[in-house]
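Novice: Quick one, fold the following:
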Amino acid sequence: MRAAFIALCAFLVTLAPASALPGQTLPAFRVWARGIVLLRGIQPYTDELSGQPAFQLTQSDHGINWHFTAWSLRGQIYQEYLGVGEGTGTPGSLRIRHDGTGYGFVFFKSLYGSGVASDFLAAKLVGTAVDRSVRPANTQSFYRGSRFGYELGTNGGGVSVVALFRLPGDLAQARRCDARPERCSE
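Specialist: Below is the predicted model:
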């Protein structure tokens, strides 16, 4: 099953047009998403906290579940999240590793292309924080690439791809919550 999934992802990479990534406009994102086989059926919604447009999809193929969400602010995508499930498991249960191993990373590369995958692998760790609001506690790692920021957690296997301008604020917020978890909430 994994070999078939990896072959499918490799094939889909060849079909994918240029990525719409954090920093791009909502129209550019919509065009990109329509051209990505993996994102067929993505649905727009209004983010409950910000009131801004967002997009999400939970999908399954070849026994692999994944979840994708993109958030916007002032007409631009600022963050995207991809979680991949082990077998028929919950999306995010399989870690997308920073070392590039495993089919979670193959899936990431099939969605974003080799340029973003290379940026992800070359990204440098800039900080960590512990989220004690979940059990077991989740250590979040923050990486800075030349194009994007990447946020990974130990509990959830997903990766957030963020616009570089967002990374310092996300790390600072995570550290504040790490220091004073009783003062943090979603």
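Novice: Does the longest helix along the chain pack against any helices or strands, and if so which?
Specialist: In the chain, taking DSSP state H as the definition, the longest helix is helix 102-122. If you count contacts as 3 or more CB pairs under 8 Å, 6 or more residues apart in numbering; DSSP states H and E, helix 102-122 packs onto helix 2-15, strand 64-73, strand 76-84, strand 159-162. Bear in mind the C-beta positions are built from the backbone N, C-alpha and C, glycine included.
Novice: quick one, phi psi at residue 52?
Specialist: phi -100, psi 160 (degrees, to the nearest 10).
Novice: Compute the distance from the centre of stretch 129-146 to the centre of its chain.
Specialist: 14 Å (CA atoms, centre = their mean, to the nearest Å).
Novice: and residue 68, what does it touch?
Specialist: 38, 39, 42, 55, 56, 57, 59, 80, 81, 82, 83, 111 (CB atoms under 8 Å, 6 or more residues apart in numbering).
Novice: who wins for neighbours among those?
Specialist: Taking other CB atoms under 10 Å as the neighbour criterion, residue 83 ranks highest of the contacts of residue 68 with 25 neighbours.
Novice: Tell me the pLDDT of that one.
Specialist: As predicted, residue 83 sits at a pLDDT of 84.
Novice: what's the answer for the one 5 residues further on, then?
Specialist: Confidence per residue is given as pLDDT, and for residue 88 that number is 60.
Novice: Likewise for the one 3 residues further on?
Specialist: With respect to pLDDT, residue 91 scores 56.
Novice: Find the centremost residue of this protein, please.
Specialist: Centroid-nearest residue in the chain, with CA atoms, centre = their mean: residue 81, separated by 2.6 Å.
Novice: Make sure residue 170 is actually in contact with residue 162.
Specialist: Yes - between residue 170 and residue 162 there is a contact under CB atoms under 8 Å: 6.5 Å.
Novice: and residue 144, bridged to which residues?
Specialist: Under DSSP bridges, the beta-bridge partners of residue 144 are residue 124, residue 149.
Novice: what about residue 129, how many neighbours?
Specialist: Quick note: residue 129 (other CB under 10 Å) scores 22 neighbours.
Novice: did I read that right, it in a helix?
Specialist: No - going by DSSP: H, G, I helix; E, B strand; the rest coil, the assignment for residue 129 is strand, not a helix.
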